[in-house]
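Trainee: here you go, sequence then predicted model.
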Amino acid sequence: IRTRSAPGPAGTATSRWPCSPTPTSPHSARSPSGDELTPDLAADLLDVHRLTAEWLADVIEGTDDPARVLRALQDAILGAVSGPGFRGCPFLNAAAEFPDATHPVRRAVERHREWYLDVYEQLLRRLGHPMPGDAADDLMLARDGAMAGGYAGDPIASTAASSTGPSFASQSAKNERRAS
């Protein structure tokens, strides 16, 4: 599993952000005969999930401010997208390659995505967002768009567009509190 340096809260610490499993694409999880080697890919995806959760736990340990945690998470995503050799989100790539929802690879993808949405929702709830579940869905869509757009299209435009997600979510929560 490849990693790259990612800033902690407010850039004060550096830890390792998992950016892709080995193999880096579901296509390379096949033998030359075309046989699927998906147990290895599912295990690789679970390793990326574990490393991501560990990285985030380190970030959370460094601050009590959910806005700073959201920003660190977004900065890590944007750093991965704009980094050399970025080949897209390994979870989105795997989901596209394995459409059967009961397949072990898809279950690994689902587990990671549910965890990610829960993290976003918890952080937004701590910020006082009036609709943390809906806002978490929006942040996940921004993340997915950055990952797909960064690989298939323009990483600069992709990172610029998706970098507004945490700011929008934080500002929305502040505006709602002022209106109450």
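Mentor: Sure, I can see it.

Trainee: buried sites along whichever helix or strand residue 138 is part of?
Mentor: Using DSSP states H and E, the element containing residue 138 is helix 132-152. Neighbour-count burial for helix 132-152 flags 132, 135-136, 138-140, 142-144, 146-151 (criterion: 16 or more other C-beta atoms under 10 Å). Glycine gets a C-beta too; all of them are placed from N, C-alpha and C.

Trainee: what is the mean pLDDT for that helix?
Mentor: Averaging pLDDT along helix 132-152 gives 91.

Trainee: can you check stretch 118-125 too?
Mentor: Mean predicted confidence for stretch 118-125 is 96.

Trainee: for this protein, name the helix or strand with the lowest mean pLDDT.
Mentor: strand 2-7 (a mean of 42; mean pLDDT, DSSP states H and E).

Trainee: helices or strands up against the helix holding residue 138?
Mentor: When contacts are defined as 3 or more C-beta pairs under 8 Å, 6 or more residues apart in numbering; DSSP states H and E, helix 132-152 sits against helix 66-82, helix 90-97, helix 104-126, helix 155-162, helix 165-179.

Trainee: taking helix 90-97 as reference, get the angle to the third one.
Mentor: So the one you mean is helix 104-126. 130 degrees (axes from the mean of the first three to the mean of the last three C-alpha atoms, to 10 degrees).

Trainee: list of residues touching helix 104-126?
Mentor: 26, 38-39, 41-42, 45-46, 48-49, 52-53, 56, 66, 69-70, 73, 91, 94-95, 97-101, 132-133, 135-137, 139-140, 143, 169, 173 (C-beta atoms under 8 Å, 6 or more residues apart in numbering).

Trainee: pull out the buried members of those.
Mentor: In those, the ones that pass as buried (16+ other C-beta under 10 Å) are 26, 38, 41-42, 45-46, 48-49, 52, 56, 66, 69-70, 73, 91, 94-95, 97-98, 132, 135-136, 139-140, 143, 169, 173.

Trainee: mean pLDDT for the helices and strands packed on helix 132-152: which is lowest?
Mentor: helix 165-179 (a mean of 54).

Trainee: can I get the helix or strand residue 50 falls within as CSV, trimmed to CA atoms?
Mentor: Using DSSP H and E, residue 50 falls within helix 38-61. Extracted C-alpha coordinates of helix 38-61, given in CSV (Å, rounded to 0.1, in the frame of the first residue of the first chain):
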residue,chain,number,x,y,z
THR,A,38,-10.3,-10.7,-5.8
PRO,A,39,-9.7,-12.0,-2.3
ASP,A,40,-6.4,-10.1,-2.5
LEU,A,41,-8.1,-7.0,-3.7
ALA,A,42,-10.7,-7.1,-1.0
ALA,A,43,-7.9,-7.5,1.6
ASP,A,44,-6.0,-4.6,0.1
LEU,A,45,-9.1,-2.4,0.2
LEU,A,46,-9.6,-3.3,3.8
ASP,A,47,-6.0,-2.4,4.5
VAL,A,48,-6.5,1.0,2.9
HIS,A,49,-9.6,1.4,5.0
ARG,A,50,-7.8,0.5,8.2
LEU,A,51,-4.9,2.9,7.4
THR,A,52,-7.3,5.7,6.6
ALA,A,53,-9.1,5.2,9.8
GLU,A,54,-5.8,5.1,11.8
TRP,A,55,-4.7,8.3,10.0
LEU,A,56,-8.0,10.0,10.9
ALA,A,57,-7.8,8.8,14.5
ASP,A,58,-4.4,10.5,14.7
VAL,A,59,-5.8,13.7,13.3
ILE,A,60,-8.7,13.7,15.7
GLU,A,61,-6.4,13.1,18.6
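
Trainee: done for today, thanks.
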